[in-house]
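**Student:** curious how this folds, go ahead:
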Amino acid sequence: MKAREARRRVVVPARLNAGPKWVDAVILNISSRGMLVRSEAAIEPGTYIDVRRGRQVIIGRAVWTHGNQFGVRTQDAIDIEALLGELTRPSSADGARPERRIDPQRVGGMSAAQRADRSRQLGTLFQYALAAGAALAAAGYAATVVHDVLSHSLGAVSAHL
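**Tutor:** Next up, the predicted model:
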């Protein structure tokens, strides 16, 4: 039986996609063709995963799981030094695009404060529109009542003349 390649113990935070959403993960050990990953996502053996750390993309398949840890056999050889180099590399100091991640504080090009302010403005506009609609409905109802009263009264006056 072929001897297993030596693993390098690491603690590398990464992002993991194994289905409908991205979750946080930690790479605990790594070799040129595999790694041990811990994540809160429930991963079944045979699941294809996408692990990202900075500009590094690792595609592989979970070969075993135990609790929240699982072993990954990678599709291609892993450049371990490049992956570990992502730990010290500034996010965009070298002009490279930073890791794409949806910032929950900034969606649709607006910060949370801008979204809150816009929501307040839309809420105020909605309140004014409802108030104007209610005022128009009340004015229409009042006009109908006044018309009915006056037409009934004037009809009686006209009938007596």
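
**Student:** list the contacts of Lys65.
**Tutor:** One thing to correct before we go on: residue 65 is Thr, not Lys. Counting by Cβ atoms under 8 Å, 6 or more residues apart in numbering, Thr65 makes contact with Ile43, Glu44, Pro45, Gly71. For glycine as for every other residue, the C-beta is placed from the backbone atoms N, C-alpha and C.

**Student:** typo on my end, Glu44
**Tutor:** Ala62, Thr65.

**Student:** tell me the SS of it?
**Tutor:** Three-state assignment for Glu44 (DSSP: H, G, I helix; E, B strand; the rest coil): coil.

**Student:** and the pLDDT for it?
**Tutor:** Note on Glu44: pLDDT of 90.

**Student:** helices of this structure, start to end?
**Tutor:** Assigned by DSSP state H, the helices in the chain fall at 80-85, 112-160.

**Student:** can you get me a residue count around Arg118?
**Tutor:** Arg118 is flanked by 12 other residues according to other Cβ atoms under 10 Å.

**Student:** got it, and Gly46?
**Tutor:** 10.

**Student:** for this protein, what helix or strand is lowest in average pLDDT?
**Tutor:** strand 106-107 (a mean of 53; mean pLDDT, DSSP states H and E).

**Student:** show me the shaky parts of the protein.
**Tutor:** Applying pLDDT under 70 to the chain flags the ranges 1-2, 87-110.

**Student:** mind splitting the protein into its structural domains?
**Tutor:** Domain ranges of the chain: 8-93, 111-160, per automatic domain parsing.

**Student:** among the contacts of Thr65, which one lies nearest to Trp64?
**Tutor:** Checking these against Trp64 with Cβ to Cβ, the nearest one is Gly71 at 4.8 Å.

**Student:** quick one: residues contacting the closest one.
**Tutor:** Per Cβ under 8 Å, 6+ apart, neighbours of Gly71: Gly34, Met35, Leu36, Val37, Ala62, Val63, Trp64, Thr65.

**Student:** could you identify the buried members of those?
**Tutor:** Gly34, Met35, Leu36, Val37, Ala62, Thr65 (16 or more other Cβ atoms under 10 Å).

**Student:** just checking, the third one touches Arg7?
**Tutor:** Yes. Contact status for Leu36 versus Arg7: in contact at 7.4 Å, counting by Cβ atoms under 8 Å.

**Student:** shared neighbours, those two?
**Tutor:** Common neighbours of Leu36 and Arg7, counting by Cβ under 8 Å, 6+ apart, are Asn29, Ile30.
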